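**Q** when you get a sec, could you give me coordinates for this:
(chains A, B, C, D, E and F)
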6 protein chains.
Amino acid sequence: MFFHIKELQYEAKPMKPDPVFAVKLQEVLGGQYGEISVMMQYLMQGFNCRADKKYRDLLFDIGTEEIGHVEMLATMIARLLDDAPFEIQQNAYDMDPAVAAILGGTNPQHAIVGGLGAMAADAQGYPWNAKYIISSGNLLADFRANLNAESQGRLQVTRLYGMTDDPGVRDLLSFLIARDTYHQNQWYAAIKEIEEREKDIVVPSTFPRELEKQEVSHTLFNFSRGEESKKGRWAHGPSFDGHGEYKYEQPFAAGGAPILKPAPPEYHDTIAHDRNDED
Amino acid sequence: MFFHIKELQYEAKPMKPDPVFAVKLQEVLGGQYGEISVMMQYLMQGFNCRADKKYRDLLFDIGTEEIGHVEMLATMIARLLDDAPFEIQQNAYDMDPAVAAILGGTNPQHAIVGGLGAMAADAQGYPWNAKYIISSGNLLADFRANLNAESQGRLQVTRLYGMTDDPGVRDLLSFLIARDTYHQNQWYAAIKEIEEREKDIVVPSTFPRELEKQEVSHTLFNFSRGEESKKGRWAHGPSFDGHGEYKYEQPFAAGGAPILKPAPPEYHDTIAHDRNDED
Amino acid sequence: MFFHIKELQYEAKPMKPDPVFAVKLQEVLGGQYGEISVMMQYLMQGFNCRADKKYRDLLFDIGTEEIGHVEMLATMIARLLDDAPFEIQQNAYDMDPAVAAILGGTNPQHAIVGGLGAMAADAQGYPWNAKYIISSGNLLADFRANLNAESQGRLQVTRLYGMTDDPGVRDLLSFLIARDTYHQNQWYAAIKEIEEREKDIVVPSTFPRELEKQEVSHTLFNFSRGEESKKGRWAHGPSFDGHGEYKYEQPFAAGGAPILKPAPPEYHDTIAHDRNDED
Amino acid sequence: MFFHIKELQYEAKPMKPDPVFAVKLQEVLGGQYGEISVMMQYLMQGFNCRADKKYRDLLFDIGTEEIGHVEMLATMIARLLDDAPFEIQQNAYDMDPAVAAILGGTNPQHAIVGGLGAMAADAQGYPWNAKYIISSGNLLADFRANLNAESQGRLQVTRLYGMTDDPGVRDLLSFLIARDTYHQNQWYAAIKEIEEREKDIVVPSTFPRELEKQEVSHTLFNFSRGEESKKGRWAHGPSFDGHGEYKYEQPFAAGGAPILKPAPPEYHDTIAHDRNDED
Amino acid sequence: MFFHIKELQYEAKPMKPDPVFAVKLQEVLGGQYGEISVMMQYLMQGFNCRADKKYRDLLFDIGTEEIGHVEMLATMIARLLDDAPFEIQQNAYDMDPAVAAILGGTNPQHAIVGGLGAMAADAQGYPWNAKYIISSGNLLADFRANLNAESQGRLQVTRLYGMTDDPGVRDLLSFLIARDTYHQNQWYAAIKEIEEREKDIVVPSTFPRELEKQEVSHTLFNFSRGEESKKGRWAHGPSFDGHGEYKYEQPFAAGGAPILKPAPPEYHDTIAHDRNDED
Amino acid sequence: MFFHIKELQYEAKPMKPDPVFAVKLQEVLGGQYGEISVMMQYLMQGFNCRADKKYRDLLFDIGTEEIGHVEMLATMIARLLDDAPFEIQQNAYDMDPAVAAILGGTNPQHAIVGGLGAMAADAQGYPWNAKYIISSGNLLADFRANLNAESQGRLQVTRLYGMTDDPGVRDLLSFLIARDTYHQNQWYAAIKEIEEREKDIVVPSTFPRELEKQEVSHTLFNFSRGEESKKGRWAHGPSFDGHGEYKYEQPFAAGGAPILKPAPPEYHDTIAHDRNDED
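**A** Alright, predicted model coming up:
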């Protein structure tokens, strides 16, 4: 069960409005790697967690914090939209270029649909959707998803930091960047712990290795002409999973050229006229 | 530029058809973490790569291999759909329960839309879309995305392995599982290399640390009542990024309760009647 | 800012697992009118609220409660998936019809993708997306959206109530139905209050009536042959907005037949050969 | 069955082209609450209507009218795109700022994909989709959806009215606003009629009240700290459904802290190491 | 402007209900190539038509007819859902296999969301969306899209015809198949007319041929090893556009290996360590 | 199985960067009719092909070439984004109009998400999805889909050609236009071959004509008032399928006005009060 207080985790006030930056900031609110994504990903992983209580608690600690991050970003966006210059939206051909330029960078839905409110969408107005998130039941897999999300997220926020000189906006972003620093550190630590506990880096560690085609479990195939990729640690030496040696090889086709059977006539598929196939 | 040969990288023949398993196998062809996702993710990262040639080559080596994995899974699905029992699809209330049961597990679009062909969709018929993938320009971020994708992918294939007893299907899956083993190993190695080279585990390493709110860069806030999460390595000791000490603290609100300005009248927003706010 | 406690607002334990019912219950978790929708809709409306504090507080009271409803439903779904019969998923043609029948009603992604966890998706596996919600800045409009959401939501839960005889599931549903009863009552009251305060039932009340084409502001046009619709209160008597009398009329075309100009040649549109149009 | 005449229900001619306003106008053609939404929602409700003939007729009267509204908006958008300044689209860095400013506000797909035609998409180019609509079989629920749609729709059109000074565009918008005035009035009347007939405001009225957890059917829980929301009519006095008294209470957890069972091993979920749980 | 009469273009009554077939029939109502697609595609092409009046009229003749086809299919689906066996939806493990089998093939949203009504979605519950349609302004291109739509549509309906033995359903399908026969014939004729009038089969015919790289305008490159494709008319003889001779050649790379410039540092992209590139 | 070489099929270098044109070019990379669509469509049709080997080979020849087209366009877009003017993105109100104008036409995700890389999305940032493609098993239907795709695709590229004066960009576009010329020629030839072989132009040719309602197989109904469409070849003379004579007729309703049965009470649908229907 959840509770709310009106105060924000950190201040979210721009020095002055900027409807163009509001559009950009939507990316880290409602984009693929925005705060809604991490909030929903951690909460769903927490709700579904069948493993240790400490992981479950950890997921709720951070997932709950992220709801508050969504709140701060939505607040900031609403304030960046304050006083948007509505009255000047004349015919495009008659417009002052300076005004037109501003409008060109805004999202018309902020005005028409949202009435100057933040939207659960990204910088192109694409709505957040739940295929951005994963909760698989395997925590090593999911914590890697989480580490990726915090990496992409911090990357995007640092880019946004460079795109504004508003001290109020930068102040909030510096807070979010710091939290992403911790969250990368934290998922990194949790990943390390599970890798050590499971004595493997390969997900899932519980699938018997003898059931996989182990001849190709440690081989880089050179599918792109040129051998630049041969230089990496992934192409020689003992593998990080401790189960073999990395190899570098030319690819080969172990299977035949497939010939599919004709479909039954009720499907009205095109039937071959010149087949001389054996399958 | 790309070339094709008709032979498959590995054999893709089931012992006998099974339209219900074909539905499930769609997940690792066209789902969130299916082969189309890794193929498109690695190719886009390769096309966009502005970094070392060896990473670019590596992305093309694997991305090109994955096109062939898409080919094998599509072939397998088409063969699992061979001879699907079309003629028996009578009124549901008159149907033989055994037949009805089979039909209940199939995707009617395999017959109606695809004419017994594989689809670029997941196990629920949801179409593949490009929001599944990322190419950010930052390779440490992206390789973490890749490691996650291979982890979720291998997890799903091992689950599917347990859901069939067809030796032909299992043979192909054992090949794919082994390749995912390598690909996890390989992204793991590439990640290690970049982390060492950049002397940081935090993405992006190039953002000046002094610009972030460093007081909260290493703190776990206890947003979910109970202290189970305190036990992890993420809550005490030196941080993995080498920039601080992990801390465990009670959360607090550093910001105020936001009060938003009224919108200009042209937006026809509801205006407050009882505001007594100072902002 | 938000906080979490581990205890649920209400108990969420089925008497026994039922993976088929778990699929259905997904609808009210992650569907168009599920709990994620109301949670996100109320929170976004709250974050964006520029009107009276009491409305803002109300939105957070209920939006925060809804996060806990998401939690209860996700928990219930995870428990309905407990012990799902994995081992028996043989070739469809060899399967025990009783087993096949069960599998036919399940979502294979619950096993393959979610590892027996709830998903942020509906009963057909379609992911939740933010186009389900609205936050327009006009509270009368939005509270009508909210009343609709609670109406559709309660309707769906009562249907689900009839589809199960598990006392544990029914117990939770009876709680959710009661809360939807209150939430309909509550939005109803809030709507009444705003309608009275704005002295109009038409949204937005602030647009000057003289700027609309008032001749057609109270007329039902008979576009579908037959006059059954003439019998309703919407076709005669004083209008509910107090601005006119309802009328019932035959439709007529007040505009001409449009003739569009040819596109400039650079667009390579097809150009008319036999135009004799004046525009 | 439907018929068409070439004449428009109302004139749809701008004084002069304006490709930037064309983009904005797309919102009320193909957006979440645009004319395609109401057209499809009313038609689907009409096709599915199992209730009184007068409601069925009413749905077809209005649904059919809305097809003509889609026609008028598409025509207006096509005309706003007439003569779009194609030839001047040079390199962005060499462009006349005035021209660039105009292009910045246009949707490139209007030119590249549509050849100066309207699209079934919103102001951000997001395609219309059928999750915008609902047809539930319960008319009180659906008429509330309809009242909401007309409220959001009229709100958006009035905002657009303020964003243009073209008399031709304003003329069409004034017609659409008036029709939305009627449609709000009309659904309002229909809702009143059903509420009175069903002697309840709660949807569905046919679910037995004794089956819901009536202790919480009329209570506002204070989930967001602060008691501003206590002031509303929804927190005290007899409830509008006539079944109780509104109450205002502090929230409490009636359920326990959930502990989920481990998944069977075939799912390869992470298994807890330190569980000491009883469920 | 459009009008409606209550009578259907053709009868839409099944002999008896069949909720499983209702699911399948959704494909040709709300799927990629269902009736909603052709209705919306023809209407949008008609609204946007800047070419000859006869094409505009033709598009409205057929587009308007298709609204009536949507009506017939929705009606048929609603009737196939009549009396759906609600009461028997017990726990999956306790269910009669025959009942379970039926439920396995149904769409739970038909009951939960739609209350036994048709949905604007396909056989997998995926909602119709406007990216299924095209209106490009070039009629030869669009009529080819239309011919394709009628080809895929008729194919799907003939498959569905084979999947039912209900004489009422088959009667309606035989009507729809016949209309698709005409519509293919009709778009075929319209295409022929435009090809002859434009004296070219290549879209758009108005782009000057000398501006394209004509050396490769008539060549099939053998990108897939094996020369089976050499046997077709597309590989030798005069080209159908009358501008050249078909050729069959081995592919070659006319471009270099691209080396992309590093991104500016503010993007925090990974920068190459071992570049020795010139671009 | 597939292979890659680093060299491009054709050069992809702009004279100078242009982030605004990069946005537009995304349409033919990741849009509805972009290169990803044809690549995926041809490959899926090839994987699923159950017909003659020459068609299968043809599909792989072209599908494989298209992967290389995706590569060229992604490369071109990345280069058009080189050196994007990051540093100048100040507050919108303080910005140089010339700079603001440029930014107004860019996609902020190219910077924030992609770090100056191409995206698998269209000119509005909408992600590519697999509902753009079809693989039906019937090659005449699918080749018509392919001919349409190449027609729409070439149309879009010729429009883009007119929107830039960069010689490097135009050089690549002239190559792509030429390839689209061939691909239209080639699908045209393949369609002709199948039409002749199947002795019918109607898809599918294998459905017995006597099972369709042949009275309406060749009739244009005048659903839109006015007889302009009567003038076409589709309204008189022998039909192109050789099975009849085209006719032009007034539409009529052959079916009755549908009356749907009430839903069972468990659905909580609204029940009619004044039905006097017989069905």
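
**Q** CA atoms for contacts and neighbours, from now on please.
**A** OK.

**Q** which one is the spatially most central residue of chain A nearest to, not counting chain neighbours?
**A** For chain A, the residue sitting closest to the mean C-alpha position, by CA atoms, centre = their mean, is A:Tyr33 at 3.7 Å. Closest residue to A:Tyr33 apart from its sequence neighbours, by CA to CA, 6 or more residues apart in numbering or on different chains: A:Gly153 at 5.5 Å.

**Q** ok, now which ones touch that neighbour?
**A** A:28, A:33-34, A:180 (CA atoms under 8 Å, 6 or more residues apart in numbering or on different chains).

**Q** try A:Val70
**A** So A:Val70 contacts A:29, A:35-36, A:39 (CA under 8 Å, 6+ apart).

**Q** could you do A:Gly232 as well?
**A** B:54, B:190.

**Q** for it, what are phi and psi?
**A** phi -80, psi 160 (degrees, to the nearest 10).

**Q** kindly report the same for A:Glu227.
**A** phi -120, psi 30.

**Q** how far away is it from A:Tyr248?
**A** 9 Å (CA to CA, to the nearest Å).

**Q** cool, A:Ala118 as well?
**A** Counting by CA to CA, the gap from A:Ala118 to A:Tyr248 is 51 Å.

**Q** most surrounded residue in the contacts of A:Gly153?
**A** Among the contacts of A:Gly153, the one with the most neighbours (other CA atoms under 10 Å in any protein chain shown) is A:Gly34, at 29 neighbours.

**Q** which of the contacts of A:Gly153 lies closest to chain D?
**A** A:Val28 (18.0 Å; CA to the nearest CA).

**Q** which of the three states applies to A:Val157?
**A** Classification of A:Val157 by DSSP: H, G, I helix; E, B strand; the rest coil places it in helix.

**Q** about what we covered before: which of A:Ala118 and A:Tyr248 has more residues huddled nearby?
**A** A:Ala118 (30 against 17).

**Q** doesn't the more buried one lie inside a helix?
**A** No. Using three-state DSSP, the secondary structure at A:Ala118 is coil, not a helix.

**Q** that one is in contact with C:Gly46, isn't it?
**A** No. The pair A:Ala118 / C:Gly46 is not scored as a contact, 10.7 Å apart, by CA atoms under 8 Å.

**Q** so what touches stretch A:142-151?
**A** A:33, A:38, A:134-136, A:180, A:183-184, A:187-188, A:190-191, B:141-142, B:144-145, B:147-149, B:152, B:202-204.

**Q** recalculate using a threshold of 7 Å.
**A** A:33, A:135-136, A:180, A:183-184, A:187-188, A:191, B:141, B:144-145, B:148, B:203 (CA atoms under 7 Å, 6 or more residues apart in numbering or on different chains).

**Q** and what about A:Gln9, helix, strand or coil?
**A** Going by three-state DSSP: A:Gln9 is coil.

**Q** show me the shaky parts of the stretch 1-150 of chain A.
**A** For the stretch 1-150 of chain A, the stretches with pLDDT under 70 are A:85-90.

**Q** ok, now which ones touch A:Asp180?
**A** A:150, A:154.

**Q** give the rounded mean pLDDT of the helix or strand where A:Asp180 lies.
**A** A:Asp180 is located in helix A:167-198, with elements delineated by DSSP states H and E. Helix A:167-198 shows an average pLDDT of 98 in the prediction.
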